[in-house]
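Student: Here is a sequence together with a model predicted from it:
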Amino acid sequence: MNYRALAERLLPGNYPSLSTYEELYPPRSLAKGAEVTRLAPSPTGFIHLGNLFAAIANERIAHRSGGILYLRIEDTDLKRKVEGAVEAVIKALDYFDIRFDEGAEIGGDETYGPWYQRQRAEIYRAFVKHLIEEGRAYPCFCTAEQLDAMREEQTARKEVPGYYGKYARCRNLTEEEIYANLDAGKPYVIRLRSMGDPEVKHKFHDEIKGDITVPENDQDIVILKSDGIPTYHFAHAIDDHFMRTTLVIRGEEWLSSLPIHIELFETLGFERPRYGHNCSLMKQEGETRRKLSKRKDPELSLEYYRKEGYFPRAVKVYMLTLLNSNFEEWYLKNPEAPLDDFKFTAAKMSKSGTLFDLDKLNDISKNELAKLSVADMVAFLKAWADEFGTPEQLKYFEDEQKLSRALALCMGIGGKKRRKDLTTASQAMNFIKFFFEQPTAFEEFRVSAADRGCIMADFLGSYCYEDDAQTWFSKLKEIASRNGFAAEMKDYKADPGAYKGSVADVAEILRIATTGKANTPDLWTIMQILGEEEVRARISALLNV
RNA sequence: GGCCUUGUGGUCAAGCGGUUAAGACGGCGCCCUCUCACGGCGCAAUCCCGGGUUCGAUUCCCGGCAAGGUCACCA
C-alpha cells in the first residue's frame, strides 16, 4: 500500500512540516515548577457549579505555581455553539476572581493561539496526514447505520462494543477498495489504527487519584470527522501539546478515555501532560446521588447564585473547602488572609464524589457577610438590587443613612458581637424590609387580643423617644407589672402560673406590632431608627383593628 | 454487561497497624438573654461486608457488595 499517495489523495496540498509547528509553538520559558493549565469549555455559554469547581482548581494550580491559565474553546461540534457564550463564560468566572492569562477573547500573547479549535484546522490536518503516511491512520467508509447494526450485534453477543480488531472493517481495506470508495464519492472519516491490547494494563500516576491502572486502548477511534474537523480526543492531543499544557485537571468522566489519549500522545510522539481527574459535584436525588448536570439542574447554574445574591467570595470559599480538604482548617486560622495565600495542591483534592450541601454554603455566606463593613454591604446590596431588585427595594437606597443604620444593627456593628443574620442579598433585603415598609403581615401573637390592646395602649402612653435603652426597658418592665406579667424572667420561670406571661411577651407584642416579626435584632434600636412618629403610627394602626 | 474509579457519623472530612476515631455544617439539649442572632457548654450519630496477615486492623492483602463514571463522526 502506498500510504504517501493515499495521504495526498485524502488531504491534498502542501502542509508545513511537522517541525515547523514545534518551532511555531516552542516550549514556554517559565520558571521551574510553573504549571500551565487550561479551561476548555465548549461554547454553550452555560456554566454551573461543577464547572466552577474545576475552574478554581485549574486557576489556583496555575497561579500558585507562577504559571499560566488559558482559555481554549472546544467548538469542534457546531451543534453546541451559542452566540455570546465565550463572553458569558469569561464574565461568569470573573465574578469569582478567575482570570485568564491567555485565550479566546482575552487578548494578550497570541503565540499559542488561535484559541478556537475551528481556527486550528490546518494543524490538525497536517498531523492527520502525517499519520496516514505512516500507516497509523486510515479512511473509514462505514455508515452510521452500519455502525449501529454492528454495535447491536456486539451487545447481543455480550462483546465489547466498538470499532476495533476484527470489527474494524475498513482497517484492512485494499488499496483498490479504498480508491473505489473514494471515486464513488463516499463520505469517510479518518480513524486511528490502534496498536493497543486492552488485556495489557499499565500503572499510571494521576495527580489526584494517585496510582491507577489503565488498560491499553484498542479502539480505532475517529480522529477526523467527515467534515474535516477533528474529534475531541485528537484536538486534545494536538492542542495541549502545542499550547504546552503541563497539567490537565479535568472531570472524572474523562478517566475512561485516558487510554485513547495515552495512545494518541504516543503515536504522535508528544510528551504527555500530567493529568488529574477530579471527582464531580453530586446531587442527591431520592435514594441515589448523581453528577450535576446542566440539563437537569438549572438551579445549579452560576446565574442562579448570582440572582439569589450569594456573595461571590462565599461561594468560592465553599468550593475551596470541598476542593482541598485542608483548606477549611487553614481558613479557620487565617480568616483575614487573602484566599490566594492558601497553598492549594492537586494532591489534596478529594478522590470521591462530593454532595453539594446548601446548609454549609449558607453558613459560610453568613460568616462572610458578617465580615463586611456597612459601606461594603451597602455596595454589595446596591449592585444586586440594580440588577435583580424590585422597585420598592431600590427605594431603600434613597435614604442611605437609614439604610446604613439598619444594616449596622442587623450586622451587630457597634455592639459587642457581630450578628450573622444575613445570608444572601435577596434574603438581606427581605430581612431589612420592615425598616422601609410598614408591615402588612404579622406573625402570630401568643397573648390574647385584650391583653395586647392594654399593653400597646400602655406603651403608647409612656413611650418617650428620648429614653435611652435602659430607661426604655425599665418602662417595659413597669408595663409588664401593671398588666399582670412578670417583670423579671427569673420570677416568671420560678412560678409561671402566677403571671399571664413575662416581660419577654410584652416585648414580643411590641416587636410584632412594629416589625411584623417575632424575631428581630434589638427593638429599642429599631424604634430609634424608625423614629417616634413611625413607631406610634405602626402601633396605633394595630390598636384600632 | 465490560472496563475504570470510589467506599470513615445525615453532609464535607482528618487519621493510614495500637487514638477516648479530630474538626466543620446540620440535628438535639442547656447556659447567656426582652425575641432572634452571636457566643459558651454538652449530647446523639461513623470506620460497607466476609475472609486472611498480625499479639493487634478503620488502616495492609484477597474476595464480595454498593455507589459513581464511561463505552458516539458530543465534548
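Tutor: Structure received.

Student: Endpoint to endpoint, stretch A:15-33 covers what distance?
Tutor: One end of stretch A:15-33 to the other measures 35 Å (C-alpha to C-alpha, to the nearest Å).

Student: Off-centre distance for it?
Tutor: 33 Å (C-alpha atoms, centre = their mean, to the nearest Å).

Student: Show me what that stretch is in contact with.
Tutor: Residues from elsewhere that reach stretch A:15-33, judged by C-beta atoms under 8 Å, 6 or more residues apart in numbering: A:36, A:65-68, A:111-112, A:122-123, A:125-127, A:129-130, A:242-244. For every residue, glycine as well, the C-beta is placed using N, CA and C.

Student: Mind doing that once more with 7 Å?
Tutor: A:36, A:65-67, A:112, A:123, A:125-127, A:129-130, A:242, A:244 (C-beta atoms under 7 Å, 6 or more residues apart in numbering).

Student: Tell me which entries of the residues you listed lie within helices.
Tutor: Using DSSP state H, A:123, A:125-127, A:129-130, A:242 are the members of those that sit in helices.

Student: ok, so of these, who is nearest A:L10?
Tutor: Closest approach between the ones in helices among the contacts of stretch A:15-33 and A:L10, by C-beta to C-beta: A:K129, at 7.3 Å.

Student: How about that closest one: what's its closest non-neighbour residue?
Tutor: Excluding the flanking residues, the one nearest A:K129 by C-beta to C-beta, 6 or more residues apart in numbering is A:L11, at 4.3 Å.

Student: A:N58 too?
Tutor: Nearest one to A:N58, counting by C-beta to C-beta, 6+ apart, is A:T37 at 4.2 Å.

Student: Same list (the contacts of stretch A:15-33) but as a markdown table, adding distance to RNA strand B.
Tutor: Converted to a markdown table, the contacts of stretch A:15-33 look like this (distance: C-beta to the nearest atom of the strand, whole Å):
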| residue | distance to RNA strand B |
| --- | --- |
| A:V36 | 18 |
| A:S65 | 21 |
| A:G66 | 26 |
| A:G67 | 22 |
| A:Y112 | 17 |
| A:I123 | 16 |
| A:R125 | 15 |
| A:A126 | 18 |
| A:F127 | 16 |
| A:K129 | 18 |
| A:H130 | 20 |
| A:F242 | 16 |
| A:R244 | 19 |
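
Student: List buried members of these by neighbour count.
Tutor: Listed as buried from those are A:36, A:65, A:67, A:112, A:123, A:125-127, A:129-130, A:242, A:244; burial here means 16 or more other C-beta atoms under 10 Å.

Student: biggest separation within the contacts of stretch A:15-33, which pair?
Tutor: By the measure C-beta to C-beta, A:G66 and A:K129 form the most distant pair in the contacts of stretch A:15-33, at 37.5 Å.

Student: what lines up beside the helix or strand harbouring A:F204 in the sheet?
Tutor: Assigned by DSSP states H and E, A:F204 falls within strand A:201-206. Its sheet considered, strand A:201-206 pairs with strand A:210-215 (antiparallel) by DSSP bridges.

Student: rounded to a whole number, what's the mean pLDDT of whichever helix or strand comes after the strand it pairs with?
Tutor: Tracing the chain C-terminally past strand A:210-215 and defining elements by DSSP H and E, one meets strand A:222-224 next. Averaging pLDDT along strand A:222-224 gives 97.

Student: next one: stretch A:180-195
Tutor: 96.

Student: Next, see if that stretch gets close to RNA strand B.
Tutor: Yes - against RNA strand B, stretch A:180-195 shows contacts by C-beta under 7 Å from any atom of the strand at A:187-189.

Student: What's the PyMOL syntax to select whichever of the residues you listed are buried?
Tutor: Applying 16+ other C-beta under 10 Å to these leaves a buried subset, and the PyMOL line that selects it is:
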select buried, chain A and resi 188+189
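
Student: all strands of the stretch 301-450 of chain A, in order?
Tutor: Secondary structure of the stretch 301-450 of chain A by DSSP state E, counting those that start in this stretch: the strands cover A:354-355.

Student: I meant to write the stretch 151-300 of chain A there.
Tutor: Going by DSSP E, counting those that start in this stretch, the stretch 151-300 of chain A shows strands at A:189-192, A:201-206, A:210-215, A:222-224, A:247-251, A:274-278, A:281-285, A:288-291.

Student: So in that sheet, which strands flank the last one, and in what orientation?
Tutor: The reference is to strand A:288-291. strand A:281-285 (antiparallel).

Student: Please tabulate the contacts of stretch A:15-33 in TSV and include pLDDT as additional columns.
Tutor: TSV is the format used below for the contacts of stretch A:15-33 (pLDDT from 0 to 100):
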residue	pLDDT
A:V36	97
A:S65	95
A:G66	95
A:G67	96
A:Y112	95
A:I123	96
A:R125	96
A:A126	97
A:F127	98
A:K129	97
A:H130	97
A:F242	97
A:R244	97
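
Student: so which of those would you say is closest to A:V503?
Tutor: Using C-beta to C-beta, the contacts of stretch A:15-33 come closest to A:V503 at A:S65, 61.3 Å.

Student: Distance of that closest one relative to A:K402?
Tutor: A:S65 sits 49 Å away from A:K402, going by C-beta to C-beta, to the nearest Å.

Student: Flag every buried residue along stretch A:271-289.
Tutor: Buried positions in stretch A:271-289, judged by neighbour count with 16+ other C-beta under 10 Å: A:272-273, A:275-283.

Student: Residue ranges of each domain in chain A, please.
Tutor: A:3-15+A:121-272, A:288-369, A:374-436, A:449-543 (automatic domain parsing).

Student: doesn't A:K490 make contact with A:S502?
Tutor: No - using C-beta atoms under 7 Å, A:S502 makes no contact with A:K490, being 9.6 Å away.

Student: neighbour count winner among the two?
Tutor: Ranked by neighbour count (other C-beta atoms under 10 Å), A:S502 and A:K490 place A:S502 first, with 21 against 9.

Student: If that one is in a bridge, with which residues?
Tutor: A:A486.

Student: Starting from RNA strand B, give me the distance back to it.
Tutor: Note on A:S502: its distance to RNA strand B, by C-beta to the nearest atom of the strand, to the nearest Å, is 7 Å.

Student: again with A:I249
Tutor: In terms of C-beta to the nearest atom of the strand, A:I249 sits 15 Å off from RNA strand B.

Student: For A:L69, give me phi and psi.
Tutor: For A:L69, the backbone dihedrals (degrees, to the nearest 10) come out as phi -110, psi 130.

Student: Count the neighbours of the closest residue to it other than its chain neighbours for me.
Tutor: Among residues not flanking A:L69 along the chain, A:A62 sits closest, at 4.0 Å (C-beta to C-beta, 6+ apart). By other C-beta under 10 Å, 24 other residues sit near A:A62.
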